[in-house]
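> Have a look at this prediction, sequence included:
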Amino acid sequence: MDLSPRGMGRVYLWTILGTAACIAAALVVDSFNFPNLTDEARLRAILVDILLPAGLAAPLLFFFTSKLRDLAIAHHRLTEFASIDALTGLLNRAAFTAEVEAHLSSARDPRQQRGALLVIDADNFKAINDSYGHDQGDEALRLIAGAIRAVLRKADRVGRLGGEEFGVLLPGSTPITAEAVAERIRQNVRAISFSPSGTPHPISVSIGGAVYEQQVPYNELFRRADQQLYVAKQKGRNRVTVAPILDSRSSPAVAA
């Protein structure tokens, strides 16, 4: 039974409990008169105390709890609308950043303070928009998003950071596993069949990753991953570059 604010289970539960409470209150109040009643009158009074609250309270409680459920559903949809990228169905930049920051700040167990951030950028994406139009560019972004999501675990987080750039948080990942996931994403995207206007057009991504083993601010983590993305681009695109954060206080800058 779904007892969440959006579940019918909660509506039924509160209707039953509320009705039972109304019946109990009616019986308690009326019980002071029971000693003065005959057996037949007492039985009739008990039946009234049960049937009348049940007939009145149950429909009203069901109605009001159903309305509360509708409000919870509407609130959930508004929250989703505010946090989901409409084109790809992934988290938008603000929501992704908030979730990563919350994860990084809430990690207390040393095992939870390990993970990786990947920054993924579609290679030469402007050529798709220029050659085939923005509609086909949007379709390519949807395909890339699906290829990324297909590789990830339930615990991972993925968002569209803007344009043709995506971010992935891999909680608990080591440098080896982070690089393996990034490589699977790269291969998955490369395998996409994309033929705008009937013309096959290969899609590829470059991926930069930063692996952390202690609490690190999101801005610093993103900066490190973005540096590695730049390295991947400089090395020819369609490749993965992942590096551990050895010291969160400083890092060598990558020349622009």
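Done, it's in.
> got a list of contacts for stretch 181-193?
116, 118, 120, 122, 143-144, 147-148, 150-152, 168, 170, 173, 200, 202-205, 207, 209, 238-240, 242 (CB atoms under 8 Å, 6 or more residues apart in numbering). C-beta: built from backbone N, CA, C; applies to glycine.
> burial measure for the closest residue to Arg93 other than its chain neighbours, as a count.
Computed as CB to CB, 6 or more residues apart in numbering, the closest residue to Arg93 that is not its neighbour in sequence is Leu161, at 4.9 Å. For Leu161, the neighbour count with other CB atoms under 10 Å is 20.
> Report the secondary structure state of Leu161.
Following DSSP: H, G, I helix; E, B strand; the rest coil, Leu161 is assigned to strand.
> Break the protein down into its domains, please.
The record's domain parsing of the chain by automatic domain parsing lists 8-83, 93-244.
> ok, and which of these has the densest surroundings?
domain 93-244 (a mean of 18; mean count of other CB atoms under 10 Å).
> quick one: average pLDDT of that one?
Mean pLDDT, computed over domain 93-244, is 92.
> That one: how far from the chain's middle?
Averaging C-alpha positions (CA atoms, centre = their mean, to the nearest Å) puts domain 93-244 16 Å from its chain's average.
> what distance separates the start and the end of stretch 189-206?
In stretch 189-206, first residue to last residue: 10 Å (CA to CA, to the nearest Å).
> for this protein, longest helix please?
helix 39-83 (DSSP state H).
> Give me the packing partners of it, helices and strands only.
With contacts taken as 3 or more CB pairs under 8 Å, 6 or more residues apart in numbering; DSSP states H and E, helix 39-83 sits against helix 8-31, helix 93-106.
> one more time with 7 Å
helix 8-31 (3 or more CB pairs under 7 Å, 6 or more residues apart in numbering; DSSP states H and E).
> Off-centre distance for the helix it packs on?
Centroid separation for helix 8-31 versus its chain: 37 Å, with CA atoms, centre = their mean.
> for stretch 6-22, same thing?
With CA atoms, centre = their mean, you get 29 Å for stretch 6-22.
> can you tell me how far the nearest residue to Leu13 once chain neighbours are set aside sits from Leu43?
Ranked by CB to CB, 6+ apart and with sequence neighbours excluded, the top spatial neighbour of Leu13 is Leu3, at 6.5 Å. To Leu43, Leu3 is 36 Å away according to CB to CB, to the nearest Å.
> And for Leu56?
As defined by CB to CB, Leu56 lies at a distance of 21 Å from Leu43.
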